[in-house]
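> dropping a prediction and its sequence here:
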Amino acid sequence: MPPENTIICGDCLEVLKDWPDNCVDLVLCSPPYEDARTYGIDFNLKGQEWVDWAFVRFVECIRVCKGLVAWVVEGKTKKYRWSATPALLMADLHRAGVYLRKPPAYYRIGIPGSGGPDWLRNDYEFIVCATKGKLPWSDNLAMGEPCKWKECGEMSYRDKDGRRKNASESERRSGLKGHTVAYQNPKIANPGNIIKCRVGGNNDSRLSFENEAPFAESLAEFIIRSFCPIDGVTLDPFIGSGTTAAVAERFGRRWIGIDIRESQVELSRKRSEEEKSKMALFS
Ligand SMILES: C[S@@+](CC[C@H](N)C(=O)[O-])C[C@H]1O[C@@H](n2cnc3c(N)ncnc32)[C@H](O)[C@@H]1O
């Protein structure tokens with residue numbers, strides 16, 4: 001096992017091979033999106049070749065992780081045709097027996113894609129998620145908001161025959177089977193699976209601009225606070241500018257990063273040091 005709060009240089013597939021099963025609590029990352037960027041390493045895989053490259057690395061992430069594996073991914077659109085690689089990756093993982101969870105959307109407010117002359121603006125990216133079954137730890141209200149309605153409003157559901165029923169007093173108190181704990185704690189509502197993040201501008205560390213495609217600190221905050229216990233370990237196998245490390249540090253989680261480029265290893269070390277200095281200022 002590598003020491004925690006460290007960045008390792010290498011291909012994550014090779015690095016992870018030597019790690020034991022279930023040694024981290026959360027995996028959060030975004031790999032290269034097909035040949036959208038070459039990252040100075042001539043990365044140029046696309047279509048099924050990209051899916052095959054991603055598949056083996058995703059499966060290795062599942063092996064080393066006790067909890068959630070969350071990969072932010074996007075396909076490419078060329079000549080009016082979407083490559084569908086996030087969906088193809090999910091299909092291959094599903095067929096191989098992986099427990100996929102319904103993918104949340106990373107909804108980017110600020111710099112969405114144009115969508116082209118005839119299509120809708122591209123506001124979101126998929127977060128491909130897998131677990132080994134029920135999560136050993138999660139706090140799905142960590143990023144929830146105060147309820148709109150008093151006591152979450154009138155609680156009702158549909159029967160198998162489609163008729164709407166109001167919940168009984170005991171269901172109301174204990175939560176409906178198959179529904180979330182939000183019903184048991186009426187002050188906070190489950191935030192839902194569209195994760196709204198302001199991107200671009202000066203929201204995040206300036207150091208993030210030194211990676212070609214950083215994700216937002218607010219996205220990392222959402223996933224880490226919801227799915228990594230305090231003092232647990234978050235792994236980012238494609239750490240880039242170190243967004244995951246900085247945010248894990250900020251919220252009292254341990255972290256490990258991997259990147260194939262020495263430049264990004266240096267950058268994310270610098271970013272985690274920057275975060276530690278900021279925290280020291282406020283402590
Ligand atoms: C989309 S960027 C990650 C950005 C990161 N989430 C951030 O916020 O800065 C993808 C990163 O994966 C790295 N990478 C590409 N292939 C890799 C591999 N096989 N193993 C580890 N890192 C790799 C690239 O060097 C690049 O920094």
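Happy to help now that I have it. Numbering: from 1, shown residues only.
> alpha carbons only for contacts and neighbour counts from here, please
Will do.
> spit out the contact partners of the most centrally placed residue in the chain.
The residue lying closest to the centre of the chain (CA atoms, centre = their mean) is residue 70, at 4.1 Å. Residues in contact with residue 70, defined by CA atoms under 8 Å, 6 or more residues apart in numbering, are 26, 27, 28, 29, 127, 128, 129, 130.
> which positions in the stretch 101-250 of the chain make contact with the ligand?
208, 211, 213, 214, 215, 237, 238, 239, 240, 241, 242, 243 (CA under 6 Å from any ligand atom).
> residues in contact with the nearest residue to residue 12 once chain neighbours are set aside?
Once flanking residues are discounted, residue 12 sits nearest to residue 237: 5.6 Å by CA to CA, 6 or more residues apart in numbering. If you count contacts by CA under 8 Å, 6+ apart, residue 237 has them with 12, 27, 28, 29, 257, 258, 259.
> let's see that with 6 Å instead.
Counting by CA atoms under 6 Å, 6 or more residues apart in numbering, residue 237 touches 12, 257, 258.
> give me the nearest residue to residue 93, chain neighbours excluded.
Using CA to CA, 6+ apart, the closest residue to residue 93 is residue 55 (7.0 Å).
> secondary structure class of that neighbour, three-state.
The three-state assignment at residue 55 reads helix, by DSSP: H, G, I helix; E, B strand; the rest coil.
> and what of the one 3 residues further on?
The assignment at residue 58 comes out as helix when based on three-state DSSP.
> can you give me the pLDDT of it?
You'll see residue 58 listed with a pLDDT of 98.
> count of neighbours near it?
The local packing of residue 58 (other CA atoms under 10 Å) involves 22 other residues.
> so how far is residue 201 from it?
31 Å (CA to CA, to the nearest Å).
> residue 66 now?
With CA to CA as the criterion, residue 66 and residue 201 are 35 Å apart.
> quick one: which of the residues of the stretch 101-250 of the chain next to the ligand sit in helices?
residue 243 (DSSP state H).
> among the residues of the stretch 101-250 of the chain next to the ligand, which two are most distant?
Taking every pair in those and measuring CA to CA, the maximum separation is 16.5 Å, between 208 and 237.
> mind listing the strands for the stretch 51-200 of the chain?
Assigned strands in the stretch 51-200 of the chain, in chain order: 65-73, 77-78, 81-82, 99-101, 105-109, 124-131, 145-146, 156-158, 164-166, 188-189, 194-198 (criterion: DSSP state E, counting those that start in this stretch).
> and stretch 119-129, how far from the chain's centre?
13 Å (CA atoms, centre = their mean, to the nearest Å).
> where does the protein have its least confident helix or strand?
Within the chain, no helix or strand scores below helix 169-174, which has a mean of 60 by mean pLDDT, DSSP states H and E.
> look through the protein and tell me its longest helix.
Longest helix in the chain, counting by DSSP H: helix 262-282.
> and that one, what does it pack onto?
Applying 3 or more CA pairs under 6 Å, 6 or more residues apart in numbering; DSSP states H and E, one finds that helix 262-282 makes contact with no other helix or strand.
> in that helix, what's buried?
For helix 262-282, burial by neighbour count (16 or more other CA atoms under 10 Å) applies to 264, 265, 266, 267, 268, 269, 270, 271, 272, 275.
> once you drop chain neighbours, what's closest to the last one?
It refers to residue 275. residue 246 (5.7 Å).
> just the first one next, same as before
For residue 264, ignoring the flanking residues on the chain, the nearest one in space by CA to CA, 6+ apart is residue 240 at 5.2 Å.
> any idea of the pLDDT on the residue nearest to the centre of the chain?
98.
> same check on residue 179?
For residue 179, pLDDT reads 52.
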